[in-house]
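Engineer: Mind looking at a prediction? Sequence and model below.
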Amino acid sequence: MPLESLIVTGGSRGIGAAVCKLAAKRGFAVTVTYAEDRAAAEGVVREISASGGQAIAVGGDVAREDDVKRIFDTASKQFGSLRGLVNNAGITGGLSRVEDVKAAALERVFDVNVIGVFLCGREAVRRMSNKRGGTGGAIVNVSSLAAKYGGSGDYVHYAASKAAVDTFTIGLSREVAAEGIRVNAVAPGFVDTEIHARMGVPDRLKKVAPQIPMQRAGTAQEVAEGIIWLLSPAASYVTGSILAIGGGR
């Protein structure tokens, strides 16, 4: 029996890498996409292969239409009909108050976090919709609790882009619900990944822990579990939902 094909954007590290590894264990053939870090993506593929799973790494910028089409075409050629998409690729745009944010940072954040999610979602629907000859499937978008709290003082620009992801999730879910496609999102809170160090605040999680009811940051694995559940038949009557994974925030 062939494995179900899953594309995970931004699958080379953090939450994306955790999703790729867990998805492979749960029976998916995984296409791991990356923007720049080919070595990291290939490392995820090697780990999956060593555990008996199937995966390939495909480079591309989700904000570029031609790259997105190539990613989906490559996945289809390798693994057949697409059954799942995790729209995980995203950037923060760095820490900045609104009064200091640069136009270039705004453009890039919305290009990746919003346009990229739209383009990948569009290509998934074109392949999954039973009105287009597909066999259905599931899309999970990775949002953020920043969309709810606004990111004040840190990254309102990032929070606003994730609010757009939430709206996209609800709108698309209703648009394709009768076409065999479920669309949901997860909204992680503070998660222990390297993203904080890349923003220049490696001790950020320690400082914010007292704000979290559970008094700790989450892990990429915990977020991955929620994503895989939303992809699975166990969530067959769930669509248009935004699952908060934030330790009670």
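Structural biologist: Done, it's in.
Engineer: ok, residue 224 to residue 110 distance?
Structural biologist: Taking C-beta to C-beta, to the nearest Å as the measure, residue 224 falls 26 Å from residue 110. In this view, the C-beta of every residue, glycine as well, is placed from N, C-alpha and C.
Engineer: When those two are compared, which one has more neighbours?
Structural biologist: Shown here are residue 224 and residue 110; by other C-beta atoms under 10 Å, residue 224 has more neighbours (25 against 18).
Engineer: any idea how far residue 15 is from that one?
Structural biologist: Distance check for residue 224 against residue 15: by C-beta to C-beta, it reads 7 Å.
Engineer: Check which residues of the longest helix along the chain are buried.
Structural biologist: Using DSSP state H to define each element, the chain has its longest helix at helix 156-176. Neighbour counts using 16 or more other C-beta atoms under 10 Å place 156-166, 168-170, 172-173, 176 of helix 156-176 among the buried residues.
Engineer: Please compute how far the following helix or strand past it lies from its chain's middle.
Structural biologist: Where DSSP states H and E defines the elements, the next helix or strand beyond helix 156-176 is strand 181-188. Strand 181-188 sits 9 Å away from the centroid of its parent chain (C-alpha atoms, centre = their mean, to the nearest Å).
Engineer: in its sheet, what does strand 181-188 sit against?
Structural biologist: Its sheet considered, strand 181-188 pairs with strand 137-142 (parallel), strand 242-245 (parallel) by DSSP bridges.
Engineer: quick check: angle from the first one to helix 156-176?
Structural biologist: The reference is to strand 137-142. Between the direction of strand 137-142 and that of helix 156-176, the angle (axes from the mean of the first three to the mean of the last three C-alpha atoms, to 10 degrees) works out to 160 degrees.
Engineer: what's the average pLDDT for strand 137-142?
Structural biologist: Confidence over strand 137-142, taken as the mean pLDDT, stands at 98.
Engineer: The last one now?
Structural biologist: Computed over strand 242-245, the mean pLDDT rounds to 98.
Engineer: residues making contact with that strand?
Structural biologist: 143, 145, 148, 166, 169-170, 184-189, 218, 222-223, 226, 230 (C-beta atoms under 8 Å, 6 or more residues apart in numbering).
Engineer: so who does the spatially most central residue of the chain touch?
Structural biologist: For the chain, residue 88 is the residue whose C-alpha lies nearest the centre (C-alpha atoms, centre = their mean; 1.6 Å). Applying C-beta under 8 Å, 6+ apart to residue 88 gives the contacts 8-11, 15-16, 19, 142.
Engineer: Figure out the length between the terminal residues of stretch 69-88.
Structural biologist: End-to-end distance of stretch 69-88: 17 Å, with C-alpha to C-alpha, to the nearest Å as the criterion.
Engineer: Flag every buried residue along that stretch.
Structural biologist: Counting neighbours by 16+ other C-beta under 10 Å, one finds that the buried residues in stretch 69-88 are 71-72, 74-76, 79, 81-88.
Engineer: So of the residues you listed, which two are at opposite extremes in space?
Structural biologist: With distance counted by C-beta to C-beta, no two of the buried residues of stretch 69-88 lie farther apart than 81 and 88, which are 21.0 Å apart.
Engineer: returning to what we had before: now render the strands paired with strand 181-188 as CSV, adding mean neighbour count.
Structural biologist: Compiled in CSV, the strands paired with strand 181-188 are given as follows (neighbours: other C-beta atoms under 10 Å):
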stretch, mean neighbour count
strand 137-142, 26
strand 242-245, 18
